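Engineer: Pasting the sequence and the predicted coordinates here, then a few questions.
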Amino acid sequence: MPRRTMIEAIRDAMAVSMERDDDVVVFGEDVGYFGGVFRCTQGLQARFGKSRCFDAPISELGIVGAAVGMAAYGLKPCIEIQFADYMYPAYDQIVSEAARLRYRSGGQFTAPMVVRMPTGGGIFGGQTHSQSPEALFTHVAGLKTVVPSNPYDAKGLLIAAIEDPDPVIFLEPKRLYNGPFDGHHDRPVTPWARHDLGEVPDGHYTVPLGKAAIRREGSAVTVLAYGTIVHVAEAAAAETGIDAEVIDLRTLLPLDMETIEASVRKTGRCVIAHEATLTSGFGAELAALVQESCFYHLEAPIVRVAGWDTPYPHAQEWAYFPGPTRVGRALRAALEG
């Protein structure tokens, strides 16, 4: 089976979708001739033409607004916001137009569109190229939110997102583009070519939205994570020797509560880890849901570990990033609670 980086898997997902459906179009800043800042769309314009993959002006509001109109007209735009940090000018179009079009029109119009965004830190991007804004989307009724952690899932989830009849926010952890990252920034990068989940089938397949994956089975504590932190949590469990069950949520909305509940009821303890800031992060929603559904099975308070409530620092990147040491402390706290 071919092995691909996450960049290659995402590109292949778009190519497969464009090949199968002439209504799928790809556009954004520099995505055409240049192939995108991370090269996720490289070669798509040459293969499908300038009417199917094209460059847009430097206007996130305009990119998303045009995509909403295209989607209402019957096309299936898959657009790229160059960094998730740049989406704020487009937030009104995402929230007020894309997310509410089906409801506002009484089902007469829908917005089958995907907004792709590189997210998270770990590349010394500083405060304007490292943010994790997933909670700003999960708060909005009408949006689905996806965060893959590996190439296999990235391709299958993106194809599923493109085929979904409603708007999907597709957040791509940029630190994972070329290989898994366990939080040890001082160690050599492991390429996806040497990882099982770097095996990505050719052709069409989907990973269903709303279905989590258990990446590491365990009985002592449940860890809920997504994106880059899935790999960090696996490393923390291995390094502490704690028998943690690591769940990769894959999609934040819809959320696979069945898998979460089954694991927490088995372990009796829960740690929630994400890279975004702690206050009002998606981990707070997860904590509330676990407390509501598993209260009588919990043996200790739920523990959260996340980014600090500060802008993402450039000079102190690894003090901010919730690496395996901090996740390991959270695992111990959950066992001692």
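Structural biologist: Here it is on my side, so go on.
Engineer: three-state assignment of I247?
Structural biologist: strand (DSSP: H, G, I helix; E, B strand; the rest coil).
Engineer: Return the distance of it relative to A56.
Structural biologist: From I247 across to A56, the span is 37 Å (CB to CB, to the nearest Å). From N, CA and C alone the C-beta is placed, and that goes for glycine too.
Engineer: which ones are touching the closest residue to K144 other than its chain neighbours?
Structural biologist: Excluding the flanking residues, the one nearest K144 by CB to CB, 6 or more residues apart in numbering is V168, at 4.5 Å. V168 makes contacts with 113-115, 143-146, 161, 209, as judged by CB atoms under 8 Å, 6 or more residues apart in numbering.
Engineer: Now with 10 Å, please.
Structural biologist: 78, 98, 111-116, 137, 143-146, 157-158, 160-162, 209, 251, 253 (CB atoms under 10 Å, 6 or more residues apart in numbering).
Engineer: before we move on, what about P173?
Structural biologist: By CB under 10 Å, 6+ apart, the contact list for P173 reads 6, 84, 118-122, 132, 147-150, 154, 181, 226-231, 275.
Engineer: for A319, same thing?
Structural biologist: Counting by CB under 10 Å, 6+ apart, A319 touches 308, 310, 313, 326.
Engineer: quick one: secondary structure of it?
Structural biologist: Secondary structure for A319, judged by three-state DSSP, is helix.
Engineer: pLDDT score assigned to it?
Structural biologist: At A319, the predicted lDDT confidence score is 93.
Engineer: Measure how buried T310 is and give me the count.
Structural biologist: Applying other CB atoms under 10 Å, we find 11 residues neighbouring T310.
Engineer: quick one: it and F83, what's the gap?
Structural biologist: Going from T310 to F83 by CB to CB gives 19 Å.
Engineer: Dump stretch 264-277 to CSV, restricted to CA.
Structural biologist: Extracted C-alpha coordinates of stretch 264-277, given in CSV (Å, rounded to 0.1, in the frame of the first residue of the first chain):
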residue,chain,number,x,y,z
VAL,A,264,-14.7,6.4,30.8
ARG,A,265,-17.1,3.9,32.4
LYS,A,266,-14.4,1.2,32.0
THR,A,267,-11.5,3.3,33.4
GLY,A,268,-13.3,5.6,35.9
ARG,A,269,-10.9,8.4,35.2
CYS,A,270,-10.6,11.0,32.4
VAL,A,271,-7.9,13.4,31.1
ILE,A,272,-8.7,15.8,28.4
ALA,A,273,-5.8,17.3,26.4
HIS,A,274,-5.7,19.9,23.6
GLU,A,275,-3.3,22.5,22.3
ALA,A,276,-5.8,25.4,22.4
THR,A,277,-6.0,27.7,25.3
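Engineer: and that stretch, what's its mean pLDDT?
Structural biologist: Mean predicted lDDT for stretch 264-277 stands at 98.
Engineer: residue ranges of the strands in the stretch 201-337 of the chain, please?
Structural biologist: With DSSP state E, counting those that start in this stretch as the criterion, the stretch 201-337 of the chain has strands at 213-216, 221-225, 244-248, 251-253, 270-277, 303-307.
Engineer: mind checking the SS state of S96?
Structural biologist: Put simply, S96 is helix when judged by three-state DSSP.
Engineer: please begin residue numbering at 16 from this point
Structural biologist: Right, with 16 as the first residue, what we last looked at is S111.
Engineer: Let me know how buried it is, in neighbour terms.
Structural biologist: 13.
Engineer: so how far is R230 from the residue nearest to D197 when sequence neighbours are not counted?
Structural biologist: Nearest non-adjacent residue to D197, counting by CB to CB, 6+ apart: A250, 3.7 Å away. Counting by CB to CB, the gap from A250 to R230 is 11 Å.
Engineer: residues bridging contact with the two, i.e. touching both?
Structural biologist: Common neighbours of A250 and R230, counting by CB under 10 Å, 6+ apart, are V261.
Engineer: Give me the most central residue, this structure.
Structural biologist: Nearest residue to the geometric centre of the chain (CA atoms, centre = their mean): V162, 1.5 Å.
Engineer: For that residue, report the pLDDT, please.
Structural biologist: So, for V162, pLDDT stands at 98.
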